[in-house]
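Quick one: sequence plus predicted model below, questions after.
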Amino acid sequence: MKDLATIVLFAALVACAPLVTSSGVALNFIMMALYACLLAQAWNILGGFGGQFSFGHALFFGTGAYAQAIAQLHGINPWLALPLALTASAGVGLFVGALSFRYGLKGSYFALVTLAFAEVFRVVAVSVPFTGAGVGLMVPLRESAANMQFASRAGYLWLVLALVTIALLLSAWLRHSRFGAYLQAVRDNEDAARAVGVNPFRIKLAAIGLSGALMGAGGAFYVQVFQYIDPGIAYGPGTSVEALVAAIVGGMGTLWGPVLGALALHLLADVTRNMFGQLPGINMVIYGVVLVAIVMFLPRGIAGIGVPLRWRRGAARKDRDG
């Protein structure tokens, strides 16, 4: 109930942002931060809760983006295309997971397999006509809420907020459900989990399906905002890096870590770009240095800053009471 209350409070506060300010810059910042949060939450389900590091989550992002765009170009309403995009991304996740987990791939091997699949899909997208080949696809502009194309950033903000809220509820469920306990048991010790009756293959397969569906939602949202997608955007490494770095910096396997990581990195990128934009490359150097510092000095991520202190207080209280 505590997690549910904080999620509802978070969603309510962010939803009020367009009512407080009409600044396009502010609303665009919040919208893109939430978009980054959605990608991080998607990666966190598989990489954080499941312990299966993926370097190719763009594979699911691109599949969802293309499914959303192609469906609209064939006359399907975007609201109906969205579940199709999620299903397509989840299906690709199940396919990759079945091949990888069936043969016991994990760790760096699984990470490289996902990266390889993303590159294969990029090459295929460049070659086949229904993806627009190297030119990409452009979604027709039909501005209306019924067509999931809003006149202002407020509409897109509320849309991505709804997706992020669903992702947060799913993460909260993973923290407290039996399936989530099985998933974290597989992450911590797969052999021990198998010994007590957990089927690691099925658990990891379900996790990659859920993670792929959320990542596909991010791809579908991207298409609706920018109304364009090409193979480089869809399956390029940038999207995969954005998802995993935000989750790692914020705190893997936590509820609010991906939110904090996405917000911190997005804010850092905007500040360095605005301050040092006149000096090409300097903003990226500063951005990289800060990332390295966070990884070195905050191994638990931003969400884990207070964990050692709370642990020490709890241990001291236990000793005192004992």
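Yep, that arrived.

buried residues in stretch 197-205?
Under the neighbour-count criterion of 16 or more other CB atoms under 10 Å, stretch 197-205 has 198, 200-201, 203-205 buried. For the C-beta atoms, the positions are set from N, CA and C on the backbone; glycine is no exception.

Alpha carbons only: can I get the host helix or strand of residue 26 in PDB?
Per DSSP states H and E, residue 26 falls inside helix 24-43. C-alpha atoms of helix 24-43 as PDB (Å, rounded to 0.1, in the frame of the first residue of the first chain):
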ATOM      1  CA  GLY A  24       6.800  24.600 -23.800                       C
ATOM      2  CA  VAL A  25      10.400  24.200 -22.600                       C
ATOM      3  CA  ALA A  26       9.300  23.000 -19.100                       C
ATOM      4  CA  LEU A  27       6.700  20.600 -20.400                       C
ATOM      5  CA  ASN A  28       9.000  19.200 -23.100                       C
ATOM      6  CA  PHE A  29      11.700  18.600 -20.400                       C
ATOM      7  CA  ILE A  30       9.200  16.700 -18.200                       C
ATOM      8  CA  MET A  31       7.900  14.800 -21.100                       C
ATOM      9  CA  MET A  32      11.300  13.600 -22.300                       C
ATOM     10  CA  ALA A  33      12.400  12.800 -18.700                       C
ATOM     11  CA  LEU A  34       9.300  10.600 -18.400                       C
ATOM     12  CA  TYR A  35      10.100   9.000 -21.700                       C
ATOM     13  CA  ALA A  36      13.700   8.200 -20.500                       C
ATOM     14  CA  CYS A  37      12.100   6.900 -17.300                       C
ATOM     15  CA  LEU A  38       9.900   4.500 -19.300                       C
ATOM     16  CA  LEU A  39      12.900   3.100 -21.100                       C
ATOM     17  CA  ALA A  40      14.800   2.700 -17.800                       C
ATOM     18  CA  GLN A  41      11.900   1.000 -16.100                       C
ATOM     19  CA  ALA A  42      11.600  -1.400 -19.100                       C
ATOM     20  CA  TRP A  43      15.300  -2.400 -18.800                       C
END
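
Downstream of it, the next helix or strand is which one?
Downstream of helix 24-43, the first helix or strand assigned by DSSP H and E is helix 58-73.

what angle do that next one and helix 24-43 make?
Counting by axes from the mean of the first three to the mean of the last three CA atoms, to 10 degrees, helix 58-73 lies at 120 degrees to helix 24-43.

which strands and helices sit next to helix 58-73?
helix 78-102, helix 108-127, strand 137-138, helix 200-226, strand 228-229, helix 231-235, helix 237-250 (3 or more CB pairs under 8 Å, 6 or more residues apart in numbering; DSSP states H and E).

Check the offset of it from the chain's centre.
How far helix 58-73 lies from its chain's middle: 16 Å, per CA atoms, centre = their mean, to the nearest Å.

can you check stretch 195-210 too?
Put simply, stretch 195-210 sits 20 Å off its chain's centre (CA atoms, centre = their mean).

what mean pLDDT would you report for it?
The pLDDT scores in stretch 195-210 average 93.

Check stretch 255-274 too.
Stretch 255-274 carries an average pLDDT of 86.

The residue sitting nearest the centre point of the chain: what's it in contact with?
For the chain, the residue sitting closest to the mean C-alpha position, by CA atoms, centre = their mean, is residue 39 at 1.8 Å. Counting by CB atoms under 8 Å, 6 or more residues apart in numbering, residue 39 makes contact with 57, 61, 215, 218, 239, 242-243, 246, 262.

please redo it, this time with the cut-off set to 10 Å
Contacts for residue 39 (CB atoms under 10 Å, 6 or more residues apart in numbering) come out as 57-58, 60-61, 167, 214-215, 217-219, 221-222, 239-240, 242-244, 246-247, 258, 262.
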